[in-house]
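Colleague: Sequence below, structure please.
(2 chains)
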Amino acid sequence: MIEIQNVRKSFGPLEVLKGIDLTVQRGEVLTVIGGSGSGKSTLLTCINGLEPIHSGKILVDGTEVHAKSTNLNKLRQKIGIVFQQWNAFPHLTVLENVTLSPRKVLGMGKAEAEVIAEKQLKHVGLGDKLSTYPSRLSGGQQQRMAIARALAMSPDYMLFDEVTSALDPQLVGEVLETLKMLAEEGMTMICVTHEMTFARDVSDRVAYFHQGIMAEIGAPDQLFGDPQHPETRRFLASVR
Amino acid sequence: MFEYTFQWNQALARLPKILEGAVVTMEVALLSMLLGIAFAILLTLLRLSGSRPLHAIATTWIEIARNTPALFQIYMAHFGIASFGIHLSPFASLLIGITFNNAGYLAENFRGALKAIPDTQTRAGRSLGMSQLQAFRYIIVPQMLRISFLPMTNQMVWAVLMTSLGVTVGMNSDLYGVTQDLNALTFRTFELFAIAGVIFYVITKAITLSARLVATRLFRY
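Modeller: Residues are numbered from 1 along each chain as shown, chains lettered A, B, ... in the order given. Got it, this is the predicted structure:
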């Protein structure tokens, strides 16, 4: 369970999160929508401790992410994150990209790590690209590799930060299909996205962020069909 | 037109001695390179340390290494510090001088290489549970090596050529020093130095060619 309690965060004088309260249950798929600068991506990087927060608390399975005593390297093993820019490691093959962390962080042997990596890469449709270098892959393939790389750590939670925003339109579908598949398998996911159809089809709940505040949260049918907050209505009208 | 008669036999008879000098030259170059890389890494870290005095020390080193003649640097490492009562052997002074020069240039290369690797690479490593050190070691360093590999090869070539400056501080066991001594004995100036020149060429060419081979083997992406 991820519990976000009254979280505030600023970049300099700019407050990007103005007191967020949100709980995500195991097995839940939450999508976060909202305009740029609404704080939705920042929230994800706070959840796995890549960014500090200024007040409030984030608890992952009861562990306070920003407590000094928390071993972030340990905690991050159960929270996978995939970014808008897929950040492939260019000097490693697809297989090595995926085995690196299981080997170095979890201390797995090469053979064991490769079995897991191959399984994850097949899962995202890259079973035939194992010895290819990332520079030979399309953006969509690299993004799917990044997803497999995160999954190889067997995380309990997956965070997706606008993972299709930097892709050519014809490559968006293959990545969304991968996310859909994960959701159906019961992965706990928080997806920040601009893909409204995806949000509607896949989510258990959808949250709308506006200028650092979670303006509204609800089931997809409710939020898209009958938005309560005037900002949500305005936003949805503008993206339709 | 000119009265010089070539006597290659006399010069070639000294080839074993000259080759011994070539071995010393390669030793000095290799040592200065290994030490130079170590100090360059240190200088790069000092510059990243965020401490003003440490940054200033590193910058001073790099600025002097890159903007004064190598001859000056070797001279200072011998006669310069001798003024303060520190007397080093020609070998030590030459090694220190070239190492100083190597470290300065390499530190600048490393800095450029680091700048070329986006921060998001470290971020990606950290988000997979790696420590800062692991991300640096497994993600940043290999990419840095690739970017600075060719400049490092160039510096290695420079190191070989710079050993010839050792004669100015009394070095007489390296390729250039040996040749100079033989010249004083035999006066076969053109022949002896021509042979030395060819050996310098062969050494540096061998370095660049083998580096290229290593690079294709090492950096397949």
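Colleague: Tell me where chain A has helices.
Modeller: A:40-47, A:72-76, A:94-104, A:110-123, A:139-151, A:169-184, A:196-202, A:220-225, A:230-239 (DSSP state H).
Colleague: between those, which one is nearest to B:Pro118?
Modeller: helix A:139-151 (14.3 Å; Cβ to Cβ). Where C-beta positions appear, they are placed from N, C-alpha and C, glycine not excepted.
Colleague: near chain A, which residues of chain B?
Modeller: Contact residues (Cβ under 8 Å from any Cβ of the partner chain) of chain B with chain A: B:120-121, B:123-131, B:134, B:138-139, B:142-143, B:146, B:219-221.
Colleague: Out of these, list just those in helices.
Modeller: B:Thr120, B:Gln121, B:Arg123, B:Ala124, B:Gly125, B:Arg126, B:Ser127, B:Gln134, B:Pro142, B:Gln143, B:Arg146.
Colleague: so B:Asn102 makes contact with B:Ile41?
Modeller: No - shown here, B:Asn102 and B:Ile41 do not form a contact pair, counting by Cβ atoms under 8 Å, at 11.9 Å.
Colleague: Check the spacing between the residue sitting nearest the centre point of chain B and chain A real quick.
Modeller: What sits nearest the mean C-alpha location of chain B, by Cα atoms, centre = their mean, is B:Ala159, with 3.1 Å. Distance from B:Ala159 to chain A, counting by Cβ to the nearest Cβ, to the nearest Å: 27 Å.
Colleague: mind listing what residue 164 touches?
Modeller: Just going to use chain A. A:Gln143, A:Val172, A:Val175, A:Leu176, A:Thr193, A:His194, A:Glu195 (Cβ atoms under 8 Å, 6 or more residues apart in numbering or on different chains).
Colleague: looking at chain B here, not the other one
Modeller: B:Asp174, B:Leu175, B:Tyr176, B:Phe200.
Colleague: Tell me the one of those residues nearest A:Lys129?
Modeller: Looking across those and measuring by Cβ to Cβ, the closest to A:Lys129 is B:Phe200, at 47.0 Å.
Colleague: give the contact list for B:Ala194.
Modeller: By Cβ under 8 Å, 6+ apart, the contact set of B:Ala194 is B:Ala11.
Colleague: That one is in what secondary structure piece?
Modeller: Assigned by DSSP states H and E, B:Ala194 falls within helix B:189-218.
Colleague: Now that helix: buried residues?
Modeller: B:Glu191, B:Leu192, B:Phe193, B:Ile195, B:Ala196, B:Ile199, B:Phe200, B:Ile203, B:Thr204, B:Ile207, B:Ala211 (16 or more other Cβ atoms under 10 Å in any protein chain shown).
Colleague: right, and out of those, which lies closest to chain A?
Modeller: B:Ala211 (17.9 Å; Cβ to the nearest Cβ).
Colleague: Bridged to A:Val192, which residues?
Modeller: Beta-bridge partners for A:Val192, by DSSP bridges, are A:Val32, A:Asp161.
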